[in-house]
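> Please find the sequence and the predicted model below.
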Amino acid sequence: AQSVAQPEDQVNVAEGNPLTVKCTYSVSGNPYLFWYVQYPNRGLQFLLKYITGDNLVKGSYGFEAEFNKSQTSFHLKKPSALVSDSALYFCAVRDGNAGNMLTFGGGTRLMVKP
Amino acid sequence: GAGVSQSPSNKVTEKGKDVELRCDPISGHTALYWYRQRLGQGLEFLIYFQGNSAPDKSGLPSDRFSAERTGESVSTLTIQRTQQEDSAVYLCASSLSVTAFSYEQYFGPGTRLTVT
């Protein structure tokens, strides 16, 4: 069965500093990986995805993520955090060998302080 | 339409009553998904539809939950005899297809259900 782990419930970072939100996954086939962001009282917004190709993928709002097959990770990164980046971030995986279900991690709350 | 829409945005109901939640997917999206998000938790898959294929109901938590979709348009999620543990935000998403794994899902704003 596919699964996703986000080991940190909350990440605190100062504005202007780099940020990392961690994600590890488990699948039997090829992983298709996604990051979503959820702002208060709003639905999830797609940030970026890894399907194949370059391990470093770039997405919306200056975010990027690096696919690491050996470590089964897909950490979300941004070189310089903004206060407006404060939100709930979800990592998700779809197993290429196991149907069409998207499995989400439990979410990580990012708090960027001025 | 511009995005996935859901109605109502908020629903308060008494324990034991039935509720219907509605989702309008993005025009042209053949796949539609329902998720449940309990307070402070991640998303829990409920069901998805792909075109005229039989829906994948593997995530529905009990037989009190059911969903329908007419063609590739509107879907309704029905919860019968609601219980307090059904209180959550119900999110709908759509994507171009389920068979093309690269197609990301686009989410609606959700319906916040409170069972008193």
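Sure, I can see it. Numbering: from 1, shown residues only, chains lettered A, B, ... in the order given.
> From now on I want contacts and neighbour counts done on CA atoms only, so please keep to that.
Fine.
> For B:Ile95, name its beta-bridge partners.
One thing to correct before we go on: residue B:95 is Ser, not Ile. B:Ala31 (DSSP bridges).
> Check the gap between it and A:Tyr36 for me.
14 Å (CA to CA, to the nearest Å).
> give the contact list for residue 111.
Just so you know, I chose chain A. A:10-13, A:83, A:85-87 (CA atoms under 8 Å, 6 or more residues apart in numbering or on different chains).
> Chain B is the one I meant
B:6-11, B:21, B:89-91.
> Select from the residues you listed every entry located in strands.
B:6-7, B:10-11, B:21, B:89-91 (DSSP state E).
> what residues does chain A put near chain B?
Counting by CA under 8 Å from any CA of the partner chain, chain A comes close to chain B at A:32, A:34, A:41-46, A:49, A:51, A:90, A:94, A:96, A:100-107.
> Return the members of those classed as buried.
A:32, A:34, A:43-46, A:49, A:51, A:90, A:94, A:96, A:100-107 (16 or more other CA atoms under 10 Å in any protein chain shown).
> Which ones among the residues you listed lie within strands?
Reading strands off these with DSSP E, I get A:32, A:34, A:44-46, A:49, A:90, A:94, A:103-104.
> ranges for the strands of chain B?
Going by DSSP E, chain B shows strands at B:5-7, B:10-13, B:19-24, B:31-37, B:43-50, B:65-69, B:75-79, B:88-95, B:106-107, B:111-115.
> Make JSON lines from these and add mean pLDDT and distance to A:Asn55 to it.
Below are the strands of chain B laid out as JSON lines (pLDDT from 0 to 100; distance: least, CA to CA, whole Å):
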{"stretch": "strand B:5-7", "mean pLDDT": "96", "distance to A:Asn55": "34"}
{"stretch": "strand B:10-13", "mean pLDDT": "97", "distance to A:Asn55": "40"}
{"stretch": "strand B:19-24", "mean pLDDT": "97", "distance to A:Asn55": "35"}
{"stretch": "strand B:31-37", "mean pLDDT": "93", "distance to A:Asn55": "27"}
{"stretch": "strand B:43-50", "mean pLDDT": "90", "distance to A:Asn55": "26"}
{"stretch": "strand B:65-69", "mean pLDDT": "96", "distance to A:Asn55": "37"}
{"stretch": "strand B:75-79", "mean pLDDT": "97", "distance to A:Asn55": "36"}
{"stretch": "strand B:88-95", "mean pLDDT": "94", "distance to A:Asn55": "24"}
{"stretch": "strand B:106-107", "mean pLDDT": "91", "distance to A:Asn55": "23"}
{"stretch": "strand B:111-115", "mean pLDDT": "96", "distance to A:Asn55": "36"}
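> do you know which of these lies nearest A:Ala65?
Among those, strand B:106-107 comes nearest to A:Ala65, with 19.4 Å by CA to CA.
> The closest one near chain A at all?
Yes - on the criterion CA under 8 Å from any CA, strand B:106-107 is in touch with chain A at B:106-107.
> other SSEs contacting that strand?
Counting contacts by 3 or more CA pairs under 8 Å, 6 or more residues apart in numbering or on different chains; DSSP states H and E, strand B:106-107 packs against strand A:44-50, strand B:88-95.
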